[in-house]
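return atomic coordinates for the entry below.
(one chain, ligands or ions: 1)
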Amino acid sequence: METNKIQEALGKYNLDLNDAQVAEETKALLDAHLEENMTPEVKKFLMGSIELTTLKTTDSDRSVMEFTDKVNQFDDAYPDLPHVATICVYPCFAEAVKEALRVPGVEIACVSGSFPSSQARMEVKIAETSLAIADGATEIDIVMPVGKFLEGDYEGVAEDIAEMKNACGDAAMKVILETGDLRDSKDIKIASILSMYAGADYIKTSTGKEKVSATPEAAYIMCRAIKEYYDETGIQIGFKPAGGINTVADAVTYYTIVKEVLGEKWLTNKWLRLGTSRLANLLLSDIEGKEVKFF
Ligand SMILES: O=C[C@H](O)COP(=O)(O)O
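Coordinates of the predicted model:
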């Protein structure tokens, strides 16, 4: 995407964001609506939006297959609850998940493109992605080249994302903005718009590997960008807060922001995903009214 096209695209959106004002608007939205969404129905919906994630150095084929089998067992153990939306793993485990997974409708998501830094030659990132898809991945999560972005090389950012989108073929691609490494609200808005024009099917807050992961303010900015992009192009883009979703209230916070900014059209497990390694047990314990450690 050439620089003039990028500037033309960005020129269609309000980029004049003020961090204090974003914080104020996010707080006002949550003060008004969070409590009303702390219901069993919302919590059950959120269970179905989870991207059940294991991205550990200690992961192995065996541990990933056992992790996947828990998803198989969950269906029998909790027939009244929706199954998780995806299992999200490193790309070398796509085949292990595919081999072990027995639940129709659960997608195989792989982080790829030299996660979590994105710091590799494009040839390496493309190869890793193509191999993951060949092994069974149906969704790919990549990290935006944050260094290029912070240097203002928006054309380079768009090119990288477009090349990775091409490598994804039919697999849906999520672009992680790593919002905790961006400087301010304006950066998050620009990164959101740029990623969507460059080919993102979803925009995702964080890898979960940096100091600052998902925040309500970043979610608010990204959802506003998704809304404005939809109004401008008619194209629906998904949203995935990820990293540090450590309480049920955290999850309902993101649900509330999506509901108030994007509306009912996004409140499905196709368009709202939660990238998390801990939430499933927390939601289960809340729904069951006792501590549950299933996954
Ligand atoms: O995309 C998923 C995140 O890496 C999960 O982060 P978490 O372990 O803080 O839930």
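
how about the residues of the chain that lie near the ligand?
Neighbours of the ligand within the chain, by C-beta under 6 Å from any ligand atom: 53, 55, 88, 207-208, 242-245, 275-278. Using the backbone N, CA and C atoms, a C-beta is placed for each residue, glycine as well.

what lines up beside the helix or strand harbouring residue 88 in the sheet?
Secondary structure assignment for residue 88, by DSSP states H and E: strand 86-89. Sheet pairing for strand 86-89, assigned by DSSP bridges, gives strand 50-53 (parallel), strand 107-111 (parallel).

as JSON lines, the residues of the chain next to the ligand with secondary structure would be great.
Shown next, in JSON lines, are the residues of the chain next to the ligand (DSSP: H, G, I helix; E, B strand; the rest coil):
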{"residue": "53", "secondary structure": "strand"}
{"residue": "55", "secondary structure": "coil"}
{"residue": "88", "secondary structure": "strand"}
{"residue": "207", "secondary structure": "coil"}
{"residue": "208", "secondary structure": "coil"}
{"residue": "242", "secondary structure": "strand"}
{"residue": "243", "secondary structure": "coil"}
{"residue": "244", "secondary structure": "coil"}
{"residue": "245", "secondary structure": "coil"}
{"residue": "275", "secondary structure": "strand"}
{"residue": "276", "secondary structure": "strand"}
{"residue": "277", "secondary structure": "coil"}
{"residue": "278", "secondary structure": "coil"}
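
could you identify the buried members of these?
With neighbours counted by 16 or more other C-beta atoms under 10 Å, the residues of the chain next to the ligand contain buried members at 53, 55, 88, 207, 208, 242, 243, 244, 245, 275, 276, 277.

residues contacting the third one?
In this case it means residue 88. Contact partners of residue 88, counting by C-beta atoms under 8 Å, 6 or more residues apart in numbering, are 51, 52, 53, 54, 55, 109, 110, 111, 141, 275.

for it, give the beta-bridge partners.
For residue 88, the beta-bridge assignment (DSSP bridges) gives partners residue 53, residue 109.

what pLDDT does it get?
Note on residue 88: pLDDT of 98.

next one: the first one
The predicted local distance difference test score for residue 53 is 96.

quick check, it in contact with residue 275.
Yes. Using C-beta atoms under 8 Å as the test, residue 53 is close enough to residue 275 to be in contact (5.7 Å).

shared neighbours, these two?
Contacts common to residue 53 and residue 275, judged by C-beta under 8 Å, 6+ apart, are 88, 208, 242.

for residue 272, phi and psi?
Backbone torsions for residue 272, taken as degrees, to the nearest 10, come to phi -120, psi 120.

relative to residue 12, how far out is it?
Residue 272 sits 25 Å away from residue 12, going by C-beta to C-beta, to the nearest Å.

settle it for me: which of those two has more neighbours?
Neighbours per residue, other C-beta atoms under 10 Å: of residue 272 and residue 12, the larger number sits with residue 272, 25 against 14.

okay, and the beta partners of the more buried one?
So, taking DSSP bridges as the rule, residue 272 has residue 239 as bridge partners.

okay, it: pLDDT?
Residue 272 is assigned 98 on the pLDDT scale.

kindly report the same for residue 3.
pLDDT for residue 3: 69.

quick revisit: name the nearest of the shared contacts of residue 53 and residue 275 relative to the ligand.
residue 208 (2.7 Å; C-beta to the nearest ligand atom).

need the residues that contact stretch 4-19.
With C-beta under 8 Å, 6+ apart, stretch 4-19 has contacts from 1, 154-155, 158, 184-186, 188-190, 193-194, 197, 217, 221, 225, 228-229, 232.

start to end distance for stretch 97-113?
With C-alpha to C-alpha, to the nearest Å applied, stretch 97-113 spans 19 Å between its terminal residues.
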